[in-house]
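Participant: here's a sequence, model it:
(2 chains)
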Amino acid sequence: MRFFDYFRTAFKNLLRQKARTFLTILAIVVGAISVTIMLSLVLAGKAAFIGTMSANGGLTQIQVSPSSEIEGEDARWGGGNEPLTDATITSIKGISYVVDVTPVHDVGFSYMQLKGESKKFRANLSGYDPATKVMTMDVAAGRPLQAGDVAKVVVGSDTLRNLGYTSHPQDLIGKTLTFVNDPESGKKNYVTYTDADVTDPPKPDEKNFGGKEDAGEIHTYEAEIIGVSTAGGNAYMDNTSLEWVRQLTTRKRWDINKENSQQWEQQWKSLEEQMKQYNNSKTKMPDTLEAQRNQLMATQPQQEIVHESDITQNGYRSILVKVDDQNNVPAVAEAIKQLKLSTTTAQDQIDEMMKMFTIVSMILGGIGLIALFVAAIGVVNTMVMATYERTREIGVMRACGATRSTVRRLFTFEAALLGFWGGVIGLAISYGLSKVGNYILNRVATAQAVPLNNLITFPWWLIGGVIAFTTIVGLLAGLYPAIRAARMNPVDALRYE
Amino acid sequence: MRNQSDMIIELQSVSKTFQMGEEMIHALDRVDLRVKKGEFIALMGPSGSGKSTLANVVGGLDVPDEGQIMVENQDIAKMRDRELSQYRNKKIGFIFQNFNLQPNLTALENVMVPLLFAKVTYNKRKQLALECLQSVGLEKRKNHKPGQLSGGERQRVCIARALANSPEIIIADEPTGNLDSKKTGEIIDLLKNLNKEKEITLIVITHDPSVAKQADRVLEIFDGKVK
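Facilitator: Next comes the predicted model:
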């Protein structure tokens, strides 16, 4: 028999018992749908996760933090951990495959609010150097940060949602966000002036000589919202330039310059010493000494504004490293660890998640496989029935010159065709279901400002794989009945009543 | 001694035994038989005498336990399934008492079945099958399914199917057993025509003496032995 004749004959035979064929295929359809939906859900989950991780270049980034290993005897005072400094950055830059490095520093506030509105929100402001090529900040609206930006903010999706602009993020662009340090809020015991304050703290009078904290005053810092980041990376962070964070974390207060005052006090002491000797010996002080004294009195160090930078004193909170290729991330991370620093990579988290996805897909796939197995039993049943019904026909076919293998192939083909149609119809229905699923997911994703569209996909390998799989399941299920049919003695088959 | 080439079928001490419970039934007991090309042979005998078994082993549907069956100088008793199937396909046409037509296929499609296994292309199959239906006078009924045909018409479709691969031997197992006497005459006339015109060797199993009368030779079988 020619190949196409097998197809034609099998197809015709299946149409003889339409209801039974339909029910048998229906069982395979259910199996195919469950396998397809399970697999595509896992694929969608993977895609969503990797999409989130890779947003803003996350897959090629390494986050560096001070080592958590204690080198001194006591870590209570932060001893042992080398702060992250510009020197650290320089040494990381020297590692091969490293494209660029940016320090990251964050700053806390009592709260933040949209200018002109009364609602208060938790503020998480983090600064990085926009001049570096580390963060490829994707924005849902507005623009990313640029070199030279000060008091400009790209808000994350969490803030976007809090402010109630999820459905129209572009309307947030240009609005002003006010960051507030309020001593009354209880979050901070005292509030100081920083470099970001336009005004200087008032010059202290004699009573609070030595730079007493200017407690009790509310400090507000205004920043323009220039962009809204997509939901990748850290959704809970609002980003600004490192420069502004540097200003915000640099304390500004009146104090006497310590170096100058020490020098002056030494001079004053030695002068007093000399004058004491004259007094004791009751000899007249030379005029020069008097003049010297007057001059020293005039140059007595005054209070001036000093700047105390958190970054200079304690180092950066963390460092973000951009690696040229995802494959080089582990090597770079290892090299950074050699510098006695801690690293976190997206790959670490992805690896963890992938293990979970594999387990989930095995469980879900297993459920689908059970459904298909049950369907396969249905195919066996249908085909065994068919061989009984068509026993005489098999006899006629043999009498007309069909070999055993022709009979076997014909029945196998019929069973495989059941599987094939089950797979095709199952895929078609799954496709429809995925359209509905995507419609719902897209709405959810839009509501969350997640840059993911049509999450459930049907890659070609899935389409081909499911059809091939159900066809093979049908074929295997048809083998036993087909072999039975082929083994029939033609004489007995022709006599069968 | 006749010329070897005149003989299309030569059986030499062919035996076939069936086990029925405890009993051994000698369906064929060292049968020797020679059939000339173009001969019309009627096989008669009581049921269980072995006439069907004889027809089946000659037709390649069954294999004897012992003996030689030479058909055109080939021993079909030694053939394997593939060769034997090909032999049935090319050389033999079977006609059955109960017609054995496929109910879901039209008359034309039923006639096309043997051609399917001969790997003939679809269009050629259709053409050949139509010619066969014409030769049995049923071309007008080609699109009717067996259920829409009378008993005589069904048997003619069955004959057309047997003719499809232009066989040299037609084996008919009680072809008129389900027909009335008028239809019986028509069918036998048709078979005799084919026998004469196309020189097809005809082996007909029958209980009907009027059918046997038409044959060139009548063989009677008792307990697996040919008389």
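Participant: what strands line up against whatever helix or strand residue A:252 lives in, and which way round?
Facilitator: Take DSSP states H and E as the rule and residue A:252 turns out to sit in strand A:250-256. With DSSP bridges as the test, strand A:250-256 is paired with strand A:193-194 (antiparallel), strand A:303-309 (antiparallel).
Participant: just name the most buried of the ones you listed.
Facilitator: Scoring the strands paired with strand A:250-256 by mean neighbour count under mean count of other C-beta atoms under 10 Å in any protein chain shown gives strand A:193-194 as the most buried, with a mean of 22. Where C-beta positions appear, they are placed from N, C-alpha and C, glycine not excepted.
Participant: so which elements touch the helix or strand just after that one?
Facilitator: Toward the C-terminus, strand A:193-194 is succeeded by strand A:219-229 as the next helix or strand (DSSP H and E). Counting contacts by 3 or more C-beta pairs under 8 Å, 6 or more residues apart in numbering or on different chains; DSSP states H and E, strand A:219-229 packs against strand A:139-142, strand A:152-155, helix A:157-163, strand A:176-181.
Participant: direction included, what does the second one pair up with?
Facilitator: I take that to be strand A:152-155. Strand A:152-155 is paired, per DSSP bridges, with strand A:219-229 (parallel), strand A:238-241 (antiparallel).
Participant: residue B:112: what's it in contact with?
Facilitator: For residue B:112, the contact set (C-beta atoms under 8 Å, 6 or more residues apart in numbering or on different chains) comprises B:125, B:126, B:128, B:129, B:164.
Participant: what do you get for residue B:96?
Facilitator: A:396, A:494, B:158, B:172, B:173, B:175.
Participant: tell me the confidence at the fourth one?
Facilitator: According to the prediction, residue B:172 has pLDDT 93.
Participant: what about it, how many residues close to it?
Facilitator: 28 (other C-beta atoms under 10 Å in any protein chain shown).
Participant: got the phi and psi for it?
Facilitator: phi -120, psi 120 (degrees, to the nearest 10).
Participant: give me the nearest residue to it, chain neighbours excluded.
Facilitator: Closest residue to residue B:172 apart from its sequence neighbours, by C-beta to C-beta, 6 or more residues apart in numbering or on different chains: residue B:95 at 3.8 Å.
Participant: next: the fifth one.
Facilitator: If the residues on either side of it in the chain are set aside, residue B:173 comes closest to residue B:205, at 4.8 Å by C-beta to C-beta, 6+ apart.
Participant: returning to that earlier point: tell me which two of the contacts of residue B:112 sit farthest apart.
Facilitator: For the contacts of residue B:112, the farthest-apart pair by C-beta to C-beta is B:126 and B:164; their separation is 11.3 Å.
Participant: of those two, who's got more company?
Facilitator: Neighbours per residue (other C-beta under 10 Å) separate residue B:126 from residue B:164, with residue B:164 holding more: 26 against 17.
Participant: quick one: contacts for the more buried one?
Facilitator: Taking C-beta under 8 Å, 6+ apart, one finds B:93, B:111, B:112, B:113, B:114, B:115, B:128, B:129, B:132 in contact with residue B:164.
Participant: rewinding a little: closest to residue B:146 out of the strands paired with strand A:250-256?
Facilitator: Evaluated with C-beta to C-beta, these place strand A:193-194 nearest to residue B:146, the distance being 99.8 Å.
Participant: and the residue of chain A nearest chain B?
Facilitator: residue A:401 (2.3 Å; C-beta to the nearest C-beta).
Participant: what are the neighbouring residues in contact with that residue?
Facilitator: B:85, B:86, B:88, B:89, B:90, B:114, B:117, B:118, B:165.
Participant: isn't the fifth one right up against residue B:167?
Facilitator: To tie it back to what came earlier, the one meant is residue B:90. Yes - using C-beta atoms under 8 Å, residue B:90 makes contact with residue B:167 at a distance of 7.1 Å.
Participant: for the residue of chain B found nearest chain A, phi and psi?
Facilitator: Closest residue of chain B to chain A, C-beta to the nearest C-beta: residue B:89 (2.3 Å). Per-residue torsions, residue B:89: phi -70, psi -40 (degrees, to the nearest 10).
Participant: between residue B:90 and residue B:167, who's got more neighbours?
Facilitator: Just comparing residue B:90 and residue B:167: by other C-beta under 10 Å the higher neighbour count belongs to residue B:167, 22 against 15.
Participant: tell me where the chain is predicted with low confidence.
Facilitator: In the absence of a named chain, this looks at chain A. Where chain A drops to pLDDT under 70, the residues are A:55-57, A:68-81, A:185-191, A:205-216, A:231-235, A:446-453.
Participant: sorry, should have said chain B
Facilitator: B:1-5.
Participant: near chain A, which residues of it are found?
Facilitator: B:56, B:59, B:61-62, B:81-82, B:85-86, B:88-90, B:92, B:94, B:96, B:100, B:102, B:104-105, B:113-114, B:116-119, B:121-122, B:161, B:165 (C-beta under 8 Å from any C-beta of the partner chain).
Participant: so where do the strands sit in chain B?
Facilitator: Under the criterion DSSP state E, chain B contains strands at B:7-20, B:23-36, B:40-44, B:66-71, B:74-75, B:92-96, B:169-173, B:201-205, B:217-222, B:225-226.
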